[in-house]
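Asks: prediction below, plus the sequence it came from.
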There are 2 protein chains.
Amino acid sequence: MLHPDLELALKVTEMKRLKEWVAIESDSSDSQKRGEVIRMMHLAAKKLKELNATVELVELGRQKLHGYEIPMPPIILARIEKNPKKPTVCFYGHLDVQPAKFEDGWSTQPYNLTEIDGNLYGRGTSDDKGQVLAVLHAIEALQKHELPVNVKFIFEGMEEVGSNGLFTLVEQRNNTFFSDVDYIVVTDTSWLSSKPGITYGTRGNCYFFVEVQGATKDLHSGSFGGVVHEATSDLIFLLNTLVNSSGHILIPGIYDAVVPPSEKEKEFFKKSEFNAEKIKTKFGLKNFTYSTKEEILTRRSCYPSLSIHGIEGAFSAPGTKTVIPAKVTGKFSIRLVPNMEPSEVINQVTDYLKEKFEERKSPNHIAIRCVIQAKPWLSAIDGPLYLAGKRAIKKVFNTEAEMFRIGGTIPIGSHFQEVTGKSAMFLGIGGPDDAPHGQNEKLSRFNFIEGTKLYAALLEELASL
Amino acid sequence: MLHPDLELALKVTEMKRLKEWVAIESDSSDSQKRGEVIRMMHLAAKKLKELNATVELVELGRQKLHGYEIPMPPIILARIEKNPKKPTVCFYGHLDVQPAKFEDGWSTQPYNLTEIDGNLYGRGTSDDKGQVLAVLHAIEALQKHELPVNVKFIFEGMEEVGSNGLFTLVEQRNNTFFSDVDYIVVTDTSWLSSKPGITYGTRGNCYFFVEVQGATKDLHSGSFGGVVHEATSDLIFLLNTLVNSSGHILIPGIYDAVVPPSEKEKEFFKKSEFNAEKIKTKFGLKNFTYSTKEEILTRRSCYPSLSIHGIEGAFSAPGTKTVIPAKVTGKFSIRLVPNMEPSEVINQVTDYLKEKFEERKSPNHIAIRCVIQAKPWLSAIDGPLYLAGKRAIKKVFNTEAEMFRIGGTIPIGSHFQEVTGKSAMFLGIGGPDDAPHGQNEKLSRFNFIEGTKLYAALLEELASL
């Protein structure tokens, strides 16, 4: 555990560092902000060097994004190794964030860390900058005495857009960087309830763009309304064929490969302290589509879902515009569960939408692309890594760990497991109501400080196993 | 006609003035650009004073727009009166423009007038700054000799968003400003083909916002996908109930009040030089939904149409965002024809969407608003104003005028007719392929210069009737 005399000092410096990290607008989806992502990676590298880590910044070349050719942010590979007899733990985290604008409905400026009633508001506080910082602070604290295990780090800056370059790097370094790694801990997750928990599974994701092209120029709806096949109504038609009102996916075959939860998992769902009412209040939800805690948890972790995110190219600003847009791109994604394969899902979606579009008999042109493909992940949970995780939670929070799968996607889970064959665990410190990806993302001060202790305790438990 | 020695001088100064006017980003739909609209009104007032007009700037107070309280642009009422024995012609035009951004796919900067191959590209060149300037230049040229009639002007800055304040002003000034007006000429229209034409009818417009509210915050599609009723899929469902693939409106009763075209009009359609192939090439259209010239013209001028413009509040930027939007607003509009009444259309749309939404059994909340209500307009065409118009066209272009109704909406048409009882005519100088409201809006140099002569000829013809 942390030395008590360090706690106060850490609380102050931790907040200052988190503020500094949040202030960097490292939105990986925005070609104009790529420089900020790169700056964020260099700042993290600097911090690692201060912890006496050996740091390698792996350059990944350039990419084309929205017509711009821009550099990819480097991936950080780092190590603090002292004793080959001790186990080696590798932490994975990411330093890029989702888009955020004050105008989207934030109560505070999203890139200015603001503490209100014990909560630290800001984009990336929970997903995932705050959690990465907690790991580094845990190590910093342990180093005042002695680091109980060897530690490695793999930090990326493209997680929110599909982890470009990371998968190949893991493969390339499997026999070098990863050869002496015993355990992999992924920070990029949060708790299911107010009870600290461990994630042993994630959903995958296939993110689709379906583009409909009508004319080559936007048209005036007065001059052309009623005499042209409008691209937007074609797209609306296609998007409307995807799910029914209760969220059931209408694409044939999409549920065929789904493996229902095990009996053990059903027990987890029963014992879970997941609080549907609290979540409903927090997010202003009238209802979930399922009424019991068990059904909600089963549906959001063990079954696929389809969400329509929006349309690019149509009129989306406030006010009115009497336009018939020329080209519109609908964006939706499907969360995958074991044993759904992205390639199979892509075929199912493409065949279905093409068939529906043929039924429509429109002269417009459609193009369907899958721009993110991430596999689902499910881990065995009976090894030493999970035991140490449970013990660390017991030690710091004096409670049993909640065991769960999440509905979100951290593609690296399945990839680490498949490529390295090492035991991987997702251990986050974010709360269930942190709103990652949404407005007013936050991390509580309590979780940030106690979570730092949790990572320290995990390393101590792993050393003693 | 213009004195030949003035022609060259005018060509130079006309271009310079149009460039100056286009450079002002007078987008009335954008609360941030309201200052530019006001600046534009003052610039036009200054120009009118240079023509020795008596100018009144009628202030209209303030409005709430997108959460901001901003001033309305003043309406210009102006007069150049010399001889009470001569007829008085009142010109109507507008100086605000539709939104325009280079990123929307313009080939040139939209607010920087750029001449390419005899075309003057820029937002507002054709709709309606260029046409207003042509009227002023015609008067400027005639004044070198003698203005043959009395002239009045009513210019507004809110046409593109529903002409706020204008209708009331016309009513208020009916017995004063309008009492001695004999004829009203509206510039805000364009030709149907390369042949100069006169517009005797416009469609109306009801512009709808349909808002669906789910949660009160955006949600992460990983954590919530599959267990909540998503507002976006509800909205997509509703928007998909509006029109079928060929553009037929599915709202019950919407066609009930429609008056089919007269036999005389059917003759106009037959004689029209409307060139469907040329329009298709210009706008990159594969097909119209109707195959003959007559059908296309009938449908777009004598029948209602419904266009879906886009969605506000959903993800609309490039790239990916795994969000379940909390509140989304679908935007669509219906063009009205005689004898459709906006109030009746609003009832039909609201009842229909509410009924459809009930069928969907979603716990989300919907709200339907009609934010623009504009009546259709149809004029008798056998009076002296139309005769003078036809003669002026014959004189300047040596061709018969093409007589037509347009598919677009200039709400002031029906209002002038109803309130003042004066004869009104729409005489524009824009070409059929000018792309008002779209990317690369333009006015040809030929139309700008010859159109100036047309307005001059119209005033001379009216004086001699």
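Replies: Yep, that arrived.
Asks: how about the residues of the stretch 51-200 of chain A near chain B?
Replies: A:65-66, A:98-99, A:104-105, A:161-162 (Cβ under 8 Å from any Cβ of the partner chain). Any C-beta I mention is one placed from the backbone N, CA and C, and that applies to glycine too.
Asks: again, 6 Å this time
Replies: A:66, A:99 (Cβ under 6 Å from any Cβ of the partner chain).
Asks: counting neighbours, what do you get for the nearest residue to A:Ile139 once chain neighbours are set aside?
Replies: Counting by Cβ to Cβ, 6 or more residues apart in numbering or on different chains, the nearest residue to A:Ile139 once its immediate chain neighbours are dropped is A:Leu51, at 5.7 Å. When neighbours are counted by other Cβ atoms under 10 Å in any protein chain shown, A:Leu51 registers 18.
Asks: roughly how far does A:Leu51 sit from A:Ala78?
Replies: From A:Leu51 across to A:Ala78, the span is 9 Å (Cβ to Cβ, to the nearest Å).
Asks: is it true that A:Val419 touches A:Leu169?
Replies: No. With contact defined as Cβ atoms under 6 Å, A:Val419 does not count as touching A:Leu169 (10.2 Å).
Asks: buried ones in stretch A:141-154?
Replies: By neighbour count on 16 or more other Cβ atoms under 10 Å in any protein chain shown, the buried set for stretch A:141-154 is A:141-142, A:147-154.
Asks: returning to that earlier point: and the residue nearest to A:Ile139, how far from A:Ile154?
Replies: From A:Leu51 to A:Ile154 the distance is 15 Å (Cβ to Cβ).
Asks: before we move on, what about A:Glu59?
Replies: 15 Å.
Asks: ok, now A:Gly35?
Replies: 22 Å.
Asks: let me see the contact set for the residue in the stretch 1-150 of chain A positioned nearest to chain B.
Replies: Of all residues in the stretch 1-150 of chain A, A:Ser29 sits closest to chain B, at 3.8 Å by Cβ to the nearest Cβ. By Cβ atoms under 6 Å, 6 or more residues apart in numbering or on different chains, the residues touching A:Ser29 are A:99, A:161, B:319-320.
Asks: ok, A:Gln131 next?
Replies: A:Gln131 neighbours (Cβ under 6 Å, 6+ apart): A:187, A:428-429.
Asks: turn those residues into TSV, columns for secondary structure, neighbour count and pLDDT.
Replies: As requested, the contacts of A:Gln131 are exported to TSV (DSSP: H, G, I helix; E, B strand; the rest coil; neighbours: other Cβ atoms under 10 Å in any protein chain shown; pLDDT from 0 to 100):
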residue	secondary structure	neighbour count	pLDDT
A:Thr187	coil	27	95
A:Gly428	coil	31	95
A:Ile429	coil	27	97
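Asks: hmm, back to that, which of the buried residues of stretch A:141-154 lies closest to B:Glu273?
Replies: B:Glu273 has its nearest neighbour among the buried residues of stretch A:141-154 in A:Ile154, at 68.7 Å by Cβ to Cβ.
Asks: so the closest residue to the closest one other than its chain neighbours is in which element?
Replies: Counting by Cβ to Cβ, 6+ apart, A:Ile154 lies nearest to A:Tyr92, which is 5.1 Å off, once chain neighbours are set aside. Element membership of A:Tyr92 [criterion: DSSP states H and E] is strand A:88-94.
Asks: gap between A:Lys101 and B:Ala317?
Replies: 10 Å.
Asks: and what of A:Lys217?
Replies: Distance, A:Lys217 to B:Ala317, by Cβ to Cβ: 21 Å.
Asks: what does A:Ile75 give?
Replies: According to Cβ to Cβ, A:Ile75 and B:Ala317 sit 25 Å apart.
Asks: more neighbours: those two, which one.
Replies: With neighbours defined as other Cβ under 10 Å, A:Ile75 and B:Ala317 compare such that A:Ile75 has more, 24 against 15.
Asks: now do the same for the nearest residue to A:Pro110 once chain neighbours are set aside: its pLDDT.
Replies: Nearest non-adjacent residue to A:Pro110, counting by Cβ to Cβ, 6+ apart: A:Ala100, 3.7 Å away. Listed pLDDT for A:Ala100 reads 95.
Asks: any low-confidence regions in chain A?
Replies: Across chain A, the ranges flagged by pLDDT under 70 are A:1-11.
Asks: so what are the domain limits for chain A?
Replies: For chain A, automatic domain parsing gives the domain ranges A:4-203+A:376-464, A:205-257+A:303-373, A:259-302.
Asks: nearest to B:Gly451, of these?
Replies: Using Cβ to Cβ, the domains of chain A put domain A:205-257+A:303-373 closest to B:Gly451, at 18.7 Å.
Asks: look up the closest residue to whichever residue of the stretch 351-465 of chain A sits closest to chain B, ignoring the ones flanking it.
Replies: The nearest approach of the stretch 351-465 of chain A to chain B comes at A:Gly408, 2.7 Å away (Cβ to the nearest Cβ). Distances taken as Cβ to Cβ, 6+ apart place B:Gly222 nearest to A:Gly408, at 2.7 Å, with adjacent residues excluded.
Asks: for that neighbour, what are phi and psi?
Replies: As for B:Gly222, its main-chain torsions (degrees, to the nearest 10) stand at phi -80, psi -50.
Asks: show me what contacts it?
Replies: By Cβ under 6 Å, 6+ apart, the residues touching B:Gly222 are A:407-409.
Asks: quick check: it vs A:Asp127, distance?
Replies: 10 Å.
Asks: what are the boundaries of the helices in the stretch 101-250 of chain A?
Replies: Here the stretch 101-250 of chain A has its helices, by DSSP state H, counting those that start in this stretch, at A:129-143, A:166-172, A:221-224, A:231-239.
Asks: dump those to CSV, plus distance to A:Gly383.
Replies: Shown next, in CSV, are these (distance: least, Cβ to Cβ, whole Å):
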stretch, distance to A:Gly383
helix A:129-143, 21
helix A:166-172, 20
helix A:221-224, 62
helix A:231-239, 43
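Asks: could you identify which of those is most buried?
Replies: Most buried of the helices of the stretch 101-250 of chain A by mean neighbour count (mean count of other Cβ atoms under 10 Å in any protein chain shown) is helix A:221-224; its value is a mean of 28.
Asks: three-state assignment of A:Cys370?
Replies: With DSSP: H, G, I helix; E, B strand; the rest coil as the basis, A:Cys370 sits in strand.
Asks: is it in contact with A:Asn205, as I believe?
Replies: No. Using Cβ under 6 Å, A:Cys370 is not in contact with A:Asn205, being 9.8 Å away.
Asks: neighbours of A:Leu43, how many?
Replies: By the measure other Cβ under 10 Å, the count of residues near A:Leu43 is 16.
Asks: assumed it was part of a helix.
Replies: Yes. Counting by three-state DSSP, A:Leu43 is located in a helix.
Asks: can you pull the contacts of it?
Replies: When contacts are counted by Cβ under 6 Å, 6+ apart, A:Leu43 touches no other residue.
Asks: just the element for the residue of the stretch 1-150 of chain A closest to chain B, please.
Replies: Counting by DSSP H and E, A:Ser29 is part of no helix or strand.
Asks: tell me the phi and psi of it?
Replies: phi -90, psi -10.
Asks: how near is it to A:Tyr207?
Replies: Between A:Ser29 and A:Tyr207 the distance is 11 Å, computed by Cβ to Cβ.
Asks: where do the contact lists of the two overlap?
Replies: B:Thr320.
Asks: what packs against the helix or strand A:Arg79 falls within?
Replies: Element membership for A:Arg79 (DSSP H and E) is strand A:75-80. Using 3 or more Cβ pairs under 6 Å, 6 or more residues apart in numbering or on different chains; DSSP states H and E, the elements in contact with strand A:75-80 are strand A:54-58, strand A:150-156.
Asks: with that, I have no additional questions.
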